[in-house]
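Asks: what's the 3D shape of this:
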Amino acid sequence: MSGRYLLDTNIIIALFADDASVRRNIEKAGEIFTSSITIGELCFGALKSNRPAENLARIEDFAANIAILNCDTDTGRRHGEIEDALRIKGRPLPENDVWVASIARQNDLSLVTRDAHFNEISDLRIVAW
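Replies: Residues are numbered from 1 along each chain as shown. The predicted structure is shown next:
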């Protein structure tokens with residue numbers, strides 16, 4: 001299974017929990033990325049956990065070994081388009097998820113997630129591991 005994949009927060013959490021399915025799929029993937037938005041969500045979760053130092057260290061280690069994609073003007077344009085399409089459909093999504101989807105679309109990546117609400121976004125390739 002080669003391909004280019006953007007890992008969503010819930011997939012990285014599953015990886016941290018040693019989910020065998022996620023590990024196998026990552027090993028088979030051609031290229032994997034995550035977003036700065038996802039790193040922010042992970043850090044927030046770590047800071048409110050019972051083991052913030054340990055969890056933050058795990059995130060730092062992970063981030064040092066994966067390509068992290070950031071937002072730019074093109075991401076912002078795509079975000080606006082997705083947000084407007086969702087508004088018209090009456091199906092808003094969490095703001096961070098719209099940013100993650102925008103990064104996936106911008107970079108022609110399949111979004112790896114376990115969140116079904118991403119199906120509301122047209123022309124977004126979604127993979128569930």
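
Asks: and stretch 96-109, average pLDDT?
Replies: The average pLDDT within stretch 96-109 is 98.

Asks: what residues sit buried inside that stretch?
Replies: By neighbour count on 16 or more other Cβ atoms under 10 Å, the buried set for stretch 96-109 is Asn96, Asp97, Val98, Trp99, Val100, Ala101, Ser102, Ile103, Ala104, Arg105, Gln106, Leu109. C-beta here means a position set from N, CA and C on the backbone, and glycine is covered the same way.

Asks: farthest pair in these?
Replies: Pairwise distances across these peak at 16.5 Å for Asn96 and Leu109 (criterion: Cβ to Cβ).

Asks: right, and the helix or strand after the helix of greatest length in the chain?
Replies: Using DSSP state H, we find that the single longest helix of the chain is helix 73-89. Following helix 73-89 in sequence order, the next helix or strand is helix 95-106 (DSSP states H and E).

Asks: show me the contact partners of that next one.
Replies: 6, 8, 35, 37-38, 40-41, 69, 71, 74-76, 78-79, 82-83, 86, 93, 109-111, 115, 117-118, 121, 123-125 (Cβ atoms under 8 Å, 6 or more residues apart in numbering).

Asks: any of these buried? List them.
Replies: Neighbour-count burial (16+ other Cβ under 10 Å) is assigned, among the contacts of helix 95-106, to 6, 8, 35, 37-38, 41, 69, 71, 75, 78-79, 82-83, 86, 93, 109, 111, 115, 118, 121, 124-125.

Asks: hang on, Asn25 packs against Ser110?
Replies: No: counting by Cβ atoms under 8 Å, Asn25 stays clear of Ser110, with 11.0 Å between them.

Asks: which one of the buried residues of stretch 96-109 is nearest to Glu31?
Replies: Closest to Glu31, out of all of the buried residues of stretch 96-109 and judged by Cβ to Cβ, is Leu109, at 8.4 Å.

Asks: got the phi/psi numbers for that closest one?
Replies: When quoted as degrees, to the nearest 10, the phi and psi of Leu109 stand at phi -110, psi 150.

Asks: tell me how far it lies from Ser36.
Replies: Note on Leu109: its distance to Ser36, by Cβ to Cβ, to the nearest Å, is 14 Å.
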